[in-house]
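>>> Give me a model of this one.
(one chain, ligands or ions: 2)
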Amino acid sequence: MSRILEWEEALSLLNKIAHPLPPKKVPLAEAAGLVLAEEITSPVSFPPFPRSRVDGYALGPSLSQEYRLVGEVPAGGGYPKPLGPGEAVRIFTGAPVPRGTIGILPQEWAQEEGKRLHLPFKVDPIVLASLIQKVGEEIEQGEKILVPGMPLTPPEIGLLAALGFREVTVRPQPQVALVAVGSELRDIGEWEESTIPSSNLFALEASLRLDGVQVYSFPPVPDDLKNLVSLIRSKLDLVDLVITCGGTGEGKYDFTARAFIEVGAEFLFTRVNFRPGGRIIVARVGSRFLVGLPGMPSAALVAFHLLVRPLIKALAGKELRPCFWKGILVEQVGKERRQRVFLYARARNVQGIWELTPVNLGQGALKAGIGANALVDLPPGTSPIPRETEVNFIPLNYGPLLPCPLEDKSNI
Ligand SMILES: Nc1nc2c(c(=O)[nH]1)N[C@H]1C(S)=C(S)[C@@H](COP(=O)(O)OP(=O)(O)OC[C@H]3O[C@@H](n4cnc5c(N)ncnc54)[C@H](O)[C@@H]3O)O[C@H]1N2
Ligand code: MOO
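Ligands and ions are numbered 1, 2, ... in the order given. Down below sits the predicted model:
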């Protein structure tokens, strides 16, 4: 592919090409955060029995001001016979309402003396009747309750559990292999002269783990085409996505693109128009994906956030679109920018306005994202962008740490 794509073009290409993985049944407890792949109709009515909405007294037929207390029904219990005229039982929230009950008197409206119950004022029988929750009032048996494509968040999980589902069919998360490429890279603690720890792998694995993705990380491999090709080949059979890091440049020892060609990959793009991280390569081999991230720590993480997390989302059946928020720069930024730049910043909401403070300007690739929770989108230009300018930014919503409110459930 010769033309350098814009980020949005690269995203929509991924959207078109990365189809959700085949559905899989998983235990309900493991389904949170995944996308539902089946239609759910309720096998039962809920509640399954008429139950009391309040703590109080179930009143027998024909409303009067005096009742005889004949028993007690706690939640999870029951009363063996129908209530007769003038009879009442003590009842608690969620307990089954005895047959013959015409309404529930809340305990704060009642006076109890020994075995007698007195209603100190006139009460509306319709109000008392409304305190009995009827069978199927919340959900009818056979009702369509969830549709394929819905993200399973805690309310959906709770609903499925209430209806007795132990398992559910979802779009699984892709399995990912991470490979660092560079003769200068070592595992942590295996330092020699002219080498550095392969720190990117830890940062990328952290991001994947926060997203609940299963990841296999491998020791760094040297800049050697044959080695890299055989490593990628062996991982392609095991996972849905192989991510390499390093060697995406055009230097003599940059082998990523060549290795991808050797394993028969078809490139989707080999460069995207932003910095840092625009030297990202995304390719496909059959139904598997191959991503080559640049080695520079900030470039690897920014490209990962902007394109690889979306690719993983698409494979897991989630909707994929840019998630822009608007904010105000609190200081001047940028010199000449030949390309669009995504700048690490700290976003802070001050009286409803997001204020954006760049972090670690000019401090090098390792410190670039420290303390940041946002990426500010700076267009190319020849002059600095003054403070107070309104700009777009993208929240760095790492897993549970910062929410992105744009998950769409409107298709139900
Ligand atoms: N002549 C040019 N050289 C470079 C250019 C350019 O335009 N012209 N662009 C620079 C930019 S920007 C980037 S980004 C890198 C991309 O190149 P690579 O993907 O080949 O990255 P490497 O050369 O392998 O590594 C760059 C840098 O990052 C360190 N690194 C690599 N992997 C890791 C890791 N797993 N953990 C920690 N650090 C890692 C590596 O040692 C290098 O210092 O190219 C520039 N060059
Ligand atoms: O490609 Mo580098 O990734 O521009 O930072």
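>>> From here on, just use CA atoms for contacts and neighbour counts.
Noted.
>>> looking at it, Val135 is touching Val44, isn't it?
No - using C-alpha atoms under 8 Å, Val135 makes no contact with Val44, being 10.1 Å away.
>>> Wondering if the host helix or strand of Phe202 reaches ligand 1 at all.
Using DSSP states H and E, Phe202 falls within helix 199-210. Yes - on the criterion C-alpha under 6 Å from any ligand atom, helix 199-210 is in touch with ligand 1 at Ser199, Asn200, Leu201.
>>> From the structure, what's the count of residues near the first one?
Yep, that's Ser199 we're talking about. By the other C-alpha atoms under 10 Å criterion, the neighbourhood of Ser199 contains 15 residues.
>>> quick one: contacts for it?
Ile188, Pro297 (C-alpha atoms under 8 Å, 6 or more residues apart in numbering).
>>> if I look at it, how far off is Ala374?
21 Å (C-alpha to C-alpha, to the nearest Å).
>>> Beyond the helix holding Phe202, next helix or strand please.
strand 215-221.
>>> tell me the mean pLDDT over that next one?
When pLDDT is averaged along strand 215-221, the result is 94.
>>> Can you list the strands that it pairs with?
Neighbouring strands of strand 215-221 in its sheet, by DSSP bridges, are strand 176-181 (parallel).
>>> Now tell me what touches the strand it pairs with from outside.
198, 200-201, 205, 213-223, 228, 235, 239-247.
>>> Give me the buried entries from the residues you listed.
When these are checked for burial by 16 or more other C-alpha atoms under 10 Å, the buried set is 198, 200-201, 205, 213, 215, 220-223, 228, 235, 239-247.
>>> Can you tell me which residues in the stretch 251-400 of the chain are near ligand 2?
Arg275, Pro276, Gly277, Gly278, Arg279, Pro294, Ala299.
>>> can you do 8 Å?
274-280, 294-296, 298-300, 303 (C-alpha under 8 Å from any ligand atom).
>>> Can you turn the buried part of the residues you listed into a ChimeraX selection?
A single ChimeraX command selects the buried members of these (16+ other C-alpha under 10 Å):
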select :274,275,276,277,278,279,280,294,295,296,298,299,300,303
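>>> The residues of the stretch 251-400 of the chain next to ligand 2 into a markdown table, with extra columns for distance to Val341 and pLDDT?
Shown next, in a markdown table, are these (distance: C-alpha to C-alpha, whole Å; pLDDT from 0 to 100):
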| residue | distance to Val341 | pLDDT |
| --- | --- | --- |
| Phe274 | 5 | 97 |
| Arg275 | 5 | 96 |
| Pro276 | 7 | 96 |
| Gly277 | 10 | 97 |
| Gly278 | 10 | 97 |
| Arg279 | 13 | 97 |
| Ile280 | 15 | 97 |
| Pro294 | 16 | 97 |
| Gly295 | 17 | 96 |
| Met296 | 15 | 96 |
| Ser298 | 12 | 97 |
| Ala299 | 11 | 97 |
| Ala300 | 14 | 98 |
| Ala303 | 12 | 98 |
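>>> Looking at the residues of the stretch 251-400 of the chain next to ligand 2, which are in helices?
Ser298, Ala299, Ala300, Ala303 (DSSP state H).
>>> Report the buried residues of the longest strand seen in the chain.
Longest strand in the chain by number of residues, with DSSP state E as the criterion: strand 341-350. Buried positions in strand 341-350, judged by neighbour count with 16+ other C-alpha under 10 Å: Val341, Phe342, Leu343, Tyr344, Ala345, Arg346, Ala347.
>>> And that strand, what does it pack against?
strand 353-358, strand 374-378 (3 or more C-alpha pairs under 8 Å, 6 or more residues apart in numbering; DSSP states H and E).
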